[in-house]
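J.: okay, sequence plus prediction incoming.
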Amino acid sequence: ETSMDEIRKSLKKELDKSRYEHTMGVMYTAAALAMAHGADQKKAMLAGLLHDCAKCIPNEEKMELCKKYHIELTQAEIDNPALIHAKLGAFLARKKYHVTDEEVLHAILVHTTGEPGMNLLDKIIYIADYIEPGRDKAKNLPVVRPLCFRDLDAALLKILSDTLDYLKSTGKEIDPLTEQTCQYYKAKAE
Ligand code: DGI
Ligand code: FE
Ligand code: FE
Ligand code: FE
C-alpha cells in the first residue's frame, strides 16, 4: 500500500487545484465524521483522499481505460461518463495506489450514487463528499452539516433526496442506483 503522503503528492499532480482542495476537505471531514460515529479514522482518511482520484481524467480517456481493463460499465455510466470516476477510482486505488482494504475500495466505488445497505464507512465518505467545507452550492448545507454529526442516517436521507431534487431540476439523467438508494433509506426511516 502506497503511503498517504505519496498518494497526496501524486494526486497533487493528477488533480486540478480545486479538486485537490476538495479532496483535502473530504479527507479531513471524513476523519471528523469517523470520530463522531466510531469508525476507523485511518480508513476514512484514505478513502476520502482517493475518492475522486479518477475525476480529472477526460471522459474519453475514462471510457478507454475501462475498455482496456475490462471494467464493465452500466448503461447509466455509458450515458453519463462523469459517473465513471467512482468505479474507475476504486480500480485505480487498487491497481495504482495498491490499496488492499476492501472497505476503503467499496466506499470509493459507491461514493457518487450511493447504494442500498451502505456500511458506516460508505456513508461517511458519501456524506463527507457533500458537506466538506469547500462545498457551497447545495441548498440545505447549514442544516445538513450539523445533522451529520448527530444522526448519520437522517443526514444521509436528506442529502439523497436533495440530490435527486437537484438532478431532476437540471433534467440530468438519474442513475437507477441513485433512485434506489434514496428509496431504500426513505423506507428505512419509516
Ligand atoms: O465527484 P464530486 O463532484 O465530488 O461528487 P460526486 O462523485 O458525488 O458526483 C457529483 C455529481 O454527480 C453531482 O452533481 C450529482 C451527480 N450524480 C449523482 N447521482 C447521479 C448524478 N448524476 C447523474 N447524471 N445521475 C445520477 O444518478
Ligand atoms: Fe466524486
Ligand atoms: Fe457525492
Ligand atoms: Fe468528491
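T.: In hand now; what should we look at? Numbers count the residues shown, from 1 in each chain. Ligands and ions are numbered 1, 2, ... in the order given.
J.: how much space between Y97 and ligand 1?
T.: The gap separating Y97 from ligand 1 is 17 Å, by CB to the nearest ligand atom, to the nearest Å. All C-beta spots, glycine's among them, are computed from the backbone N, C-alpha and C.
J.: can you list the residues of the protein near ligand 4?
T.: In this structure, the chain approaches ligand 4 at residues 52, 129, judged by CB under 5 Å from the ion.
J.: ok, now with 8 Å
T.: Proximity of the chain to ligand 4 is confined to 19, 22-23, 26, 51-52, 55, 111-112, 129, 132 under the rule CB under 8 Å from the ion.
J.: which of the residues you listed are buried?
T.: Neighbour-count burial within those applies to 22-23, 26, 51-52, 55, 111-112, 129, 132; the criterion is 16 or more other CB atoms under 10 Å.
J.: so which of these are also by ligand 1?
T.: The subset of those within reach of ligand 1, by CB under 6 Å from any ligand atom, is 22, 52, 55, 111-112, 129.
J.: which of those residues sit farthest apart?
T.: Based on CB to CB, the longest span within those runs between H22 and T112 and measures 13.5 Å.
J.: still on that earlier bit, got the residues of the chain next to ligand 4 as JSON lines, with secondary structure columns?
T.: As requested, the residues of the chain next to ligand 4 are arranged in JSON lines below (DSSP: H, G, I helix; E, B strand; the rest coil):
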{"residue": "R19", "secondary structure": "helix"}
{"residue": "H22", "secondary structure": "helix"}
{"residue": "T23", "secondary structure": "helix"}
{"residue": "V26", "secondary structure": "helix"}
{"residue": "H51", "secondary structure": "coil"}
{"residue": "D52", "secondary structure": "coil"}
{"residue": "K55", "secondary structure": "coil"}
{"residue": "H111", "secondary structure": "coil"}
{"residue": "T112", "secondary structure": "coil"}
{"residue": "D129", "secondary structure": "helix"}
{"residue": "E132", "secondary structure": "coil"}
